[in-house]
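Visitor: fold the following for me, if possible:
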Amino acid sequence: MTSTETVARTDDQIQRDVLDEFAWDAQIRSTDLGVTVYDGVVTLTGQVDSAARRWAAVRGAQRIRGVRAVADDLEVVPAGPLDITDGALAIAASRALEWNSFVPAERLDLTVANGWLMLRGEVEFGWQRRTAERELRRLRGVRGVTNLVEVRPAAAPDADRARRDVQRALLRGIGTERVTVEVRGDAVTLTGVVRSWWERDQAERMAWSAEGVGTVHNELLVGG
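Guide: The predicted structure follows:
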C-alpha cells in the first residue's frame, strides 16, 4: 500500500472534488450549489429544480473518496412557471408505476400534496420498493417522495442459504470480504467496512435482492 493511500484527505480536497463532480455530471451540471465540508461530512445547500436532481446531487457527493456522510439541505424549487397540479402529478405517478413491469402497482397506494408524493402499500421484495421510489423521483414536478411501502415476503428465507447468497453477491459486485452478513428470520444485518458510500448502497441493494428478505439493517461503515 502506498503512503498516499493511507493519508486521510483534507476537507478542502473533498470540497473541490464534489464541486468538480457537480460540474461534470450531466444529471447535476451545476456549480451554483453550496458545498461545505467539515471533518469529511459534506453539507449541500441551495436550490435544485427537481427531486431527481436533488437525489443525483446527494449521490454525486457520496461518490467522492473521503466523504464520511452527506447532509442534504437542498430545496426543490421547480424552474419557471409550474403548471402541473397535484391531480395531474398523481395521474402521471400512477401511470409510471403501472408501466413498470417490476412494480406491483395494484398493491400500492399513492397520495400527492403540494408536489410531495407519499407511497404506501406492500411488496414481496425490497428491490420492488426501491424501484417504485426511483420511478417517482424522476417525474417532473415532484418535490420529494416519502416511501412507506412495507416489504412482506411470501416466506421467511433459509438463513444459511440467504447468508451465503448475499456474501457471494457482495464478492461479485463489490469484491470485498470485509462485510459480515447475519440473517435472523427475514432480517439481514450488514456490518463491517466498505470503501465508499456507493459500495454501502450496493451492498444494501444486494441484501434486499435475496429471496425472503423483509428487512435490511445496514450498519456498514465507510472507511479506507
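
Visitor: does the residue nearest to the spatial centre of the chain belong to a helix or a strand, and which?
Guide: Residue closest to the average C-alpha location in the chain (Cα atoms, centre = their mean): residue 201, at 6.5 Å. Element membership of residue 201, judged by DSSP states H and E, is helix 197-208.

Visitor: elements contacting that helix?
Guide: helix 51-62, helix 126-137, helix 159-173, strand 187-194, strand 215-218, strand 221-222 (3 or more Cβ pairs under 8 Å, 6 or more residues apart in numbering; DSSP states H and E). Using the backbone N, CA and C atoms, a C-beta is placed for each residue, glycine as well.

Visitor: okay, angle between that helix and strand 187-194 too, please.
Guide: 160 degrees (axes from the mean of the first three to the mean of the last three Cα atoms, to 10 degrees).

Visitor: and for helix 197-208, what's in contact with it?
Guide: Residues outside helix 197-208 that contact it (Cβ atoms under 8 Å, 6 or more residues apart in numbering): 59, 62-63, 67, 70, 125-127, 129-130, 151, 166, 169-170, 173-174, 176, 179, 181, 188, 190, 194, 213, 216, 218, 220, 222.

Visitor: now do the residue nearest to the centre of the chain, the pLDDT please.
Guide: On the pLDDT scale, residue 201 is placed at 88.

Visitor: roughly how far apart are it and residue 11?
Guide: 23 Å (Cβ to Cβ, to the nearest Å).

Visitor: again, but for residue 220
Guide: 23 Å.

Visitor: settle it for me: which of the two has more neighbours?
Guide: residue 220 (22 against 16; other Cβ atoms under 10 Å).

Visitor: hang on, the earlier thing: just the buried residues from the contacts of helix 197-208, in ChimeraX please.
Guide: Here is the ChimeraX command that selects the buried residues among the contacts of helix 197-208 (16 or more other Cβ atoms under 10 Å):
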select :59,62,67,70,125,126,127,129,130,151,166,169,170,174,179,181,188,190,194,213,216,220,222
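
Visitor: I'd like the average pLDDT over stretch 25-37.
Guide: Here the average pLDDT along stretch 25-37 is 85.

Visitor: give the buried residues for it.
Guide: Going by neighbour count (16+ other Cβ under 10 Å), the buried part of stretch 25-37 is 28, 30, 33, 35, 37.

Visitor: now flag whichever of those residues is closest to residue 135.
Guide: Nearest to residue 135, judged by Cβ to Cβ, of the buried residues of stretch 25-37 is residue 28 at 19.9 Å.

Visitor: so the closest one, which of the three states?
Guide: coil (DSSP: H, G, I helix; E, B strand; the rest coil).

Visitor: phi first, then psi, for it.
Guide: phi -110, psi -60 (degrees, to the nearest 10).

Visitor: next one: the one 5 residues further on
Guide: When read as degrees, to the nearest 10, the backbone of residue 33 gives phi -80, psi 140.
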